[in-house]
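Visitor: With the input below, show me the fold.
(2 chains)
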Protein chains: 2
Amino acid sequence: MLQPELTLRRDKIRGLMAARGIDAALITCNTNLIYTFGSVVSGYLYLPLHSPALVFVKRPSNLQGEHLFHIRKPEQIVDLLREQGLPMPAKLMLEGDELPYTEYVRLAALFPEAEVVNGTPLIRQARSVKTAVEIELFRRSALAHAKAYERIPDVYRPGMTDIEFSIEVERLMRLQGSLGIFRVFGRSMEIYMGSVLTGDNAGYPSPYDFALGGQGLDPALPGGANGTPLREGQSVMVDLGGNFNGYMCDMTRVFSVGRLTDEAYAAHQVCLDVQELVAREARPGVSGEELYNAAIKLVGAAGFADRFMGIGQQARFIGHGIGLEINEAPVLAPRMKQPLEAGMVFALEPKIVIPGVGPVGTENSWVVTADGVERLTQGEDGIVALG
Amino acid sequence: MLQPELTLRRDKIRGLMAARGIDAALITCNTNLIYTFGSVVSGYLYLPLHSPALVFVKRPSNLQGEHLFHIRKPEQIVDLLREQGLPMPAKLMLEGDELPYTEYVRLAALFPEAEVVNGTPLIRQARSVKTAVEIELFRRSALAHAKAYERIPDVYRPGMTDIEFSIEVERLMRLQGSLGIFRVFGRSMEIYMGSVLTGDNAGYPSPYDFALGGQGLDPALPGGANGTPLREGQSVMVDLGGNFNGYMCDMTRVFSVGRLTDEAYAAHQVCLDVQELVAREARPGVSGEELYNAAIKLVGAAGFADRFMGIGQQARFIGHGIGLEINEAPVLAPRMKQPLEAGMVFALEPKIVIPGVGPVGTENSWVVTADGVERLTQGEDGIVALG
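Guide: Modelled structure (predicted):
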């Protein structure tokens, strides 16, 4: 990562800090270090409002750089700040929604004179509007994602289960350069790269905050494929996270074994209509709630309200911001009144579950431009027949 | 999970609570819910010292059970406890090393009269001594892990890179039933299933707390394979986490492309000698530090001290407890004076890096018995030639 890009990102955070009277940030969680330092390190980035960032590294041992200090424990940070002639902050922010309680308390105790506040919402706000460099990384991720998905029909074999199919698609993603790791904000989501759902497993409610659930293979990871055979007349939905460089595109495609019911194709078309509607309406100034409400109205008029985004347990969103984590701002959901801004990137995933058939719908990643949105993930949106 | 097993586990935690005067625990992190409830849920398990556990579930919506209540938000818990006639706790424990700061504070505020303490160390202590059912789950995980590894030589093709080899081994693991997900305690480790290291990449220092590092494919995940070709005369180390049912066995095997240097074979033998030494000495009452010191003495006498567990940046442990997370108690490391107990399960991973060749050594998972240790992961420990 080049220094001007890191400076730009740090200055975005500084701008939000200044508006809240915050003197300094101490950043240590991996996604925020990737954002502000360009890579994961075991250590801390100290970001003062009015002077250059300092980096305190525990590991790796070979890291060198300006304003970079090797430490064994965070208690050394304060002395090093003093040696550099930096004042102690009056108001400091820590990653309160991300740091474990005991670690937050330990870091706050380093600055006994400071008012310590939760900086996570502010850093997430800065991260929600992507820079040109980040959008370029998304474009590369989207290209690789689409390239892997193009080959999905080649790995299908009759008689496969959903999990066997998933394994081959995971391999296609890895061969295109996927890092595999699926980074999430908060505790509400866990998965292995992504999910493949077929038949009635798509309506199985899960504890996680994904658009659809699935039973999974074991109660230790109750989501996604559960070993259901890919049978004639069933749909199969592939929704894998595309993390090729840290930036996670999100993309879903639906396949069919043989022909599905007419209702399934009709439902799929409704999801494509939702996608077209949102793509037409989304632009700076429009809120996530407005887009959600417009989508719900369309789906309701088409008669699929009770099967949209799940059956029984229905997800209450149609899209979500993406970035270094799969669930960033903005969210396209009720009560989300924050207006879209140019540079925001989101995944839009209208999905309907048809009992006895499986899930239909689509998902693509979009970047908000000056006057609309631009699609990042290319490729056929229709249901592709396997075999 | 059968109720008697869950009761046994909850009573182990209760015993430690009683010794510290703690009235109740509120448990919500996924691994601790798997431990005490048998599956991941989005919700809370309230564990009073003297009455049955109550479960408060947000998702999935279809969950039913005795003492199980559906809620939308944790603030409803207190009223439900009162309705059940339960007293408010005087001393409550929360998962302080695992819960994000803001979530801990929110949950603590539900019990304004209570003294709130960090319960993570106590739950980890309970989890460190496995029940018979957990050991049986480990046995099954170990069998599947070894079965996948047996097939590794079949997927090797000359000209492969380390990452291409890794992708095929990941697939073997998934086909044997691996859930893939790699659960970790704390913020010091991230990886996609595990690592494959060859040549000098094995000595590349990483920010993570693994035995060896590796550069990785991208600064967003700087560990493991980095695209190095598997060249003649190089070793390749496969160290994938084996999570087939929540319980993660750990197992490493080394392969060679053609023949390695005599020094590499000698170093490998030293690692096998360390394994034999620890297997002979480990038993209830012996500490992790004693085993570590004995290993270091052996390695030093053999002349490999400066390349043991890495070069430059050397890991200061030879083994670690395993369970629902890859890094549980006990740790075989300096200053670890806690004695082993029957039922503890640990991975032992003596490894040496040979410049110009790559990593050698082995890793197996072991359960502490009444008078020694028993090996869980079977299969050849020698270096297997590929091709």
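
Visitor: Pull out the buried positions in stretch A:378-387.
Guide: Neighbour counts using 16 or more other Cβ atoms under 10 Å in any protein chain shown place A:381, A:383-384, A:386 of stretch A:378-387 among the buried residues. (C-beta placed from N, C-alpha, C; glycine too.)

Visitor: same deal with stretch A:158-176?
Guide: Per 16+ other Cβ under 10 Å, stretch A:158-176 contains these buried residues: A:160-176.

Visitor: same question, stretch A:125-135
Guide: Under the neighbour-count criterion of 16+ other Cβ under 10 Å, stretch A:125-135 has A:126-130, A:134-135 buried.

Visitor: Centre of the chain to it, how far?
Guide: Chain-centre distance of stretch A:125-135: 13 Å, with Cα atoms, centre = their mean, to the nearest Å.

Visitor: Ignoring the adjacent residues along the chain, who's closest to residue A:111?
Guide: Spatial nearest neighbour of residue A:111, excluding adjacent residues (Cβ to Cβ, 6 or more residues apart in numbering or on different chains): residue A:92 at 5.4 Å.

Visitor: Then residue A:181?
Guide: residue B:192 (4.9 Å).

Visitor: What of residue A:305?
Guide: residue A:299 (5.8 Å).

Visitor: Can you get me a residue count around that neighbour?
Guide: Residue A:299: 23 surrounding residues under other Cβ atoms under 10 Å in any protein chain shown.

Visitor: That one and residue B:340: what is the separation?
Guide: 59 Å (Cβ to Cβ, to the nearest Å).

Visitor: who in the stretch 201-350 of chain A is up against chain B?
Guide: Within reach of chain B by Cβ under 8 Å from any Cβ of the partner chain, the stretch 201-350 of chain A has these residues: A:205-209, A:213, A:216-222, A:243-246, A:312-313, A:324.

Visitor: Give me the neighbour count for residue A:323.
Guide: So residue A:323, with other Cβ under 10 Å, has 27 neighbours.

Visitor: Which residue, other than its chain neighbours, is closest to it?
Guide: Leaving out its chain neighbours, the residue that sits closest to residue A:323 by Cβ to Cβ, 6+ apart is residue A:127, at 5.6 Å.

Visitor: do the same with residue A:51
Guide: residue A:86 (6.6 Å).

Visitor: Shouldn't that neighbour be within a helix?
Guide: No. Read with DSSP: H, G, I helix; E, B strand; the rest coil, residue A:86 is coil and lies in no helix.

Visitor: quick one, what contacts it?
Guide: A:48, A:51, A:54 (Cβ atoms under 8 Å, 6 or more residues apart in numbering or on different chains).

Visitor: And the one helix or strand the residue nearest to residue A:323 maps to, what does it pack against?
Guide: Assigning secondary structure by DSSP states H and E places residue A:127 in helix A:120-128. On a contact count with 3 or more Cβ pairs under 8 Å, 6 or more residues apart in numbering or on different chains; DSSP states H and E, helix A:120-128 meets helix A:3-19, helix A:30-37, strand A:328-332.

Visitor: picking that back up, hang on, the residue nearest to residue A:323 packs against residue A:36?
Guide: No. The criterion here is Cβ atoms under 8 Å, and residue A:127 misses it with residue A:36 at 9.7 Å.

Visitor: re earlier: can you tell me which of the buried residues of stretch A:378-387 end up in helices?
Guide: The helices, defined by DSSP state H, take in nothing from the buried residues of stretch A:378-387.

Visitor: Of those, which is the nearest to chain B?
Guide: Of all the buried residues of stretch A:378-387, residue A:386 has the smallest distance to chain B: 19.6 Å, by Cβ to the nearest Cβ.

Visitor: wait, that closest one sits on residue A:156?
Guide: Yes. Using Cβ under 8 Å, residue A:386 makes contact with residue A:156 at a distance of 4.3 Å.

Visitor: list residues touching both of these two?
Guide: Joint contacts of residue A:386 and residue A:156 (Cβ under 8 Å, 6+ apart) are A:230, A:255.

Visitor: in chain A, which residue is closest to the centre?
Guide: Centroid-nearest residue in chain A: residue A:326, 1.2 Å away (criterion: Cα atoms, centre = their mean).

Visitor: Could you check how far that one is from residue B:267?
Guide: Counting by Cβ to Cβ, the gap from residue A:326 to residue B:267 is 42 Å.

Visitor: Sticking with the residue in the stretch 251-387 of chain A positioned nearest to chain B, tell me its helix or strand.
Guide: Residue nearest to chain B within the stretch 251-387 of chain A (Cβ to the nearest Cβ): residue A:313, separated by 4.2 Å. Residue A:313 belongs to no helix or strand when elements are defined using DSSP H and E.

Visitor: In contact with it: list those residues for me.
Guide: If you count contacts by Cβ under 8 Å, 6+ apart, residue A:313 has them with A:205, A:213, B:59-62.

Visitor: What confidence value was assigned to residue A:387?
Guide: We have a pLDDT of 87 for residue A:387.

Visitor: dump the residue contacts of residue A:364.
Guide: Contacts for residue A:364 (Cβ under 8 Å, 6+ apart) come out as A:251, A:275, A:347-348, A:375-377, A:381.
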